[in-house]
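J.: sequence first, predicted coordinates after that:
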Amino acid sequence: MSLPLLATNQHQSLPYLQATHQIEPQITGNFGLANTLSRLGDTHHAAGNPQVAHDAWKHALTILDQLDHPDAQAVHVKLHHPDQSRE
């Protein structure tokens, strides 16, 4: 999944991200899944679906915490300050 697709039309990218979410662990392992979930949350947030975004970010954070990965902090910020965490 390319980032330009996400930036071009977030509503059109949702099905692709959701499909990626289903196969990601088989390809890249848990970090890849967490990364996809985080991006899925970003896309849902931008599309005006805050609860779905929160759920995706929470799942991503759980995985990143289990991996003791430094990206967990950024996802934590998204969960607690979703409108302030946009890069």
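T.: Great, that's in hand. Numbering: from 1, shown residues only.
J.: poorly predicted segments of this protein, please.
T.: Residues of the chain that meet the criterion pLDDT under 70 lie in 1-14, 16-28, 85-87.
J.: tell me the contacts of S38?
T.: S38 sits next to 56-57, 60, 71, 74-75, 78 when contact means C-beta atoms under 8 Å, 6 or more residues apart in numbering. Placement of C-beta: from N, CA and C, glycine included.
J.: again, only this time at 10 Å
T.: When contacts are counted by C-beta atoms under 10 Å, 6 or more residues apart in numbering, S38 is found next to 53, 56-57, 59-61, 63-64, 71, 74-75, 78.
J.: from these, pick the one nearest G32.
T.: The shortest gap between G32 and any of the contacts of S38 belongs to I63, at 9.8 Å (C-beta to C-beta).
J.: mind putting the contacts of S38 into JSON lines with secondary structure, distance to T36 and neighbour count?
T.: Output for the contacts of S38, formatted as JSON lines (DSSP: H, G, I helix; E, B strand; the rest coil; distance: C-beta to C-beta, whole Å; neighbours: other C-beta atoms under 10 Å):
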{"residue": "A53", "secondary structure": "helix", "distance to T36": "14", "neighbour count": "22"}
{"residue": "A56", "secondary structure": "helix", "distance to T36": "9", "neighbour count": "26"}
{"residue": "W57", "secondary structure": "helix", "distance to T36": "12", "neighbour count": "27"}
{"residue": "H59", "secondary structure": "helix", "distance to T36": "10", "neighbour count": "18"}
{"residue": "A60", "secondary structure": "helix", "distance to T36": "8", "neighbour count": "26"}
{"residue": "L61", "secondary structure": "helix", "distance to T36": "13", "neighbour count": "23"}
{"residue": "I63", "secondary structure": "helix", "distance to T36": "10", "neighbour count": "22"}
{"residue": "L64", "secondary structure": "helix", "distance to T36": "12", "neighbour count": "24"}
{"residue": "D71", "secondary structure": "coil", "distance to T36": "12", "neighbour count": "16"}
{"residue": "A74", "secondary structure": "helix", "distance to T36": "15", "neighbour count": "15"}
{"residue": "V75", "secondary structure": "helix", "distance to T36": "12", "neighbour count": "26"}
{"residue": "K78", "secondary structure": "helix", "distance to T36": "14", "neighbour count": "23"}
